[in-house]
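Peer 1: Below are the sequence and a predicted model; questions follow.
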Amino acid sequence: DAGVIQSPRHEVTEMGQEVTLRCKPISGHNSLFWYRQTMMRGLELLIYFNNNVPIDDSGMPEDRFSAKMPNASFSTLKIQPSEPRDSAVYFCASSFRALFGEKGNEQFFGPGTRLTVL
Amino acid sequence: EDQVTQSPEALRLQEGESSSLNCSYTVSGLRGLFWYRQDPGKGPEFLFTLYSAGEEKEKERLKATLTKKESFLHITAPKPEDSATYLCAVRGATNKLIFGTGTLLAVQP
């Protein structure tokens, strides 16, 4: 079974450029999460979607960051314009959230995109 | 505010030397405590979910336990391949996972 797929795996860009990260969640999952991981701050949730609808974007650091989920099998995280402090590893994760009950919801992570902004 | 603190930050063990990792948490309405393993250059890999105090789960040399304030990840007779960063996370009233900063485990042969 394919897990969460992310592309590109590595991205090096110059300050001011637009960066687009892509994610394909596990088939059948209805929740999708974007995280950022740095040595200083660890793993931080940026935004999450449920049934393709953004539910909580309180972790998005600035208006330079935006995320979309046009359908159940694809999401993008865009940074425009990029800055050196955006350098980090960005992870996408997906889970299945049942309509009833609190159990389950385990999130499965992709391999990440390592972003370097020069 | 939901919060997770993991200790120690780093742990070095000899192969076969058992030990425990700690995860202390404060959360409004715990709806799950999660343990993940992360290898260098990879995404976190799901290990366990615990839902209520007293619950325990095991997988090979790992056993996770839960109390009302903390969780332990016990590693019995570790092998070098158990070397990784172990992350703890909690889910409270929201659907968000709040992660700790992890424990970097190194098991030497």
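Peer 2: Good, I have the coordinates. Residues are numbered from 1 along each chain as shown, chains lettered A, B, ... in the order given.
Peer 1: burial measure for the residue of chain B found nearest chain A, as a count.
Peer 2: Nearest to chain A, among the residues of chain B, is B:Gly43, at 3.4 Å (Cβ to the nearest Cβ). C-beta: built from backbone N, CA, C; applies to glycine. Residues within reach of B:Gly43, counting by other Cβ atoms under 10 Å in any protein chain shown, total 23.
Peer 1: Across the sheet, point out what pairs with the residue nearest to it when sequence neighbours are not counted.
Peer 2: Computed as Cβ to Cβ, 6 or more residues apart in numbering or on different chains, the closest residue to B:Gly43 that is not its neighbour in sequence is A:Phe109, at 3.4 Å. On the basis of DSSP bridges, A:Phe109 is bridged to A:Ala93.
Peer 1: What of B:Leu13?
Peer 2: With DSSP bridges as the rule, B:Leu13 is bridged to B:Val107.
Peer 1: Now do the contacts for it.
Peer 2: B:Leu13 is in contact with B:Ser19, B:Ile75, B:Pro78, B:Leu105, B:Ala106, B:Val107, B:Gln108, counting by Cβ atoms under 8 Å, 6 or more residues apart in numbering or on different chains.
Peer 1: okay, these in TSV with pLDDT next?
Peer 2: Formatted as TSV, the contacts of B:Leu13 follow (pLDDT from 0 to 100):
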residue	pLDDT
B:Ser19	98
B:Ile75	97
B:Pro78	97
B:Leu105	98
B:Ala106	98
B:Val107	98
B:Gln108	96
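Peer 1: If any of these are buried, give me the PyMOL selection for them.
Peer 2: The following PyMOL line selects those of the contacts of B:Leu13 that are buried, judged by 16 or more other Cβ atoms under 10 Å in any protein chain shown:
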select buried, chain B and resi 75+78+105+107
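Peer 1: Out of the contacts of B:Leu13, which is nearest to A:Thr76?
Peer 2: Set against A:Thr76, the nearest of those by Cβ to Cβ is B:Leu105 (34.6 Å).
Peer 1: tell me which element that closest one falls in.
Peer 2: Here B:Leu105 sits within strand B:103-108, counting by DSSP states H and E.
Peer 1: Show residues contacting that strand.
Peer 2: Applying Cβ under 8 Å, 6+ apart, the contact partners of strand B:103-108 are B:6-15, B:21, B:75, B:78-86.
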